[in-house]
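Trainee: Provided below for reference: sequence and predicted model.
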Amino acid sequence: MATKKTASAKKSKPTIAKPAKTKVTTVKAVAADSTPKAPTYKQRVGQLSNRTGMLSAHIAEFVGTFILAAVAVLSQGQPLFVGFALIAIVLTIGSLSGSHVNPLVTVGAWVTRKITGLRALGYVIAQILGGLLAFVVVSAFVSAAPEVSSEAQMYGQQAATMFAASPIPEGKELYVFFAEMLGAAIFGLAFASTFRMRADDYAARALTIGLGLFAAVTVAGVAVSYVGGSAVVNPAIAFTLQAVTFTDSFNLWAILSYIIAPIVGGVIGFFLYDIIRSEADNTIV
């Protein structure tokens, strides 16, 4: 009798637990000097043409020059007040236009290839218009002042008059010319140094520019006071202070002293800083 063989149970193979795969994540060490550095002000100025509209930059120059010119007239040209006003202007519109508010700065920056010619031309026009508007506004307030009675005049009270620069003394024209050039060179040197600063260091830029103008106006003003003249160190404000007028007869020395001399001095200041800076960069310590 055939016996039915039962299938023997298959021997199960022992299972060996596979070790869990561990995912190794490598973290690259970042070098300490690979941190992105803040751009310098010169690089920031190069970005203005892309990020800031030309219209907003020119409006900022117009408004800034108007404020500076108004302060110069109302403070009777005191260097301390003008310097602090410029500090406030730089802090306000510096990120919009660079806060030149002075043709000598704009021309110096253009000659040393820090801004384009188109932007420089627009800046100068906006600055002159801002200075002229300051003259119109301040003179309107002065003309609206009440008249001084004859009794008050006897006690020394005088009618309100708008502050103006002293006329250039005859025979001393060259002194005024070189005083303006000297003051502009000092201010141009100070302003040019801010192009190497970090763009986000607003306080340092404002103090450098404001105190630079204070030093420039003080040196030029004290020097020219010995011959009885006045220092302006800003061709746009020269119209506000009536150093250059269109109503009187043509005055060549006024144009040379208060327009040409500051621009030439500003260019000298910008070039002088570039020369000093290049020598310092090439010096091996």
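Mentor: Happy to help now that I have it.

Trainee: Name all residues that make contact with the residue nearest to Glu61 when sequence neighbours are not counted.
Mentor: Distances taken as Cβ to Cβ, 6 or more residues apart in numbering put Ala126 closest to Glu61, at 4.2 Å, once the chain neighbours are dropped. In this view, the C-beta of every residue, glycine as well, is placed from N, C-alpha and C. With contacts defined as Cβ atoms under 8 Å, 6 or more residues apart in numbering, the neighbours of Ala126 are 58-59, 61-62, 65.

Trainee: With Phe270 instead?
Mentor: Contacts of Phe270 were listed using Cβ under 8 Å, 6+ apart, and they are 108-109, 111-112, 188-189, 191-192.

Trainee: run the last query once more with 6 Å
Mentor: 108, 112, 188, 192 (Cβ atoms under 6 Å, 6 or more residues apart in numbering).

Trainee: Now for the residue nearest to the last one when sequence neighbours are not counted, how many residues are close by?
Mentor: Using Cβ to Cβ, 6+ apart and skipping the chain neighbours, the partner closest in space to Ala192 is Tyr273 (3.8 Å). For Tyr273, the count of nearby residues is 21 (other Cβ atoms under 10 Å).

Trainee: Check the gap between Tyr273 and Val267 for me.
Mentor: From Tyr273 over to Val267 the distance is 11 Å, taken as Cβ to Cβ, to the nearest Å.

Trainee: What helix or strand is the residue nearest to Ala69 when sequence neighbours are not counted located in?
Mentor: With Cβ to Cβ, 6+ apart as the measure, Ala134 is the residue that lies nearest to Ala69, at 3.6 Å, once sequence neighbours are left out. Following DSSP states H and E, the helix or strand that holds Ala134 is helix 117-143.
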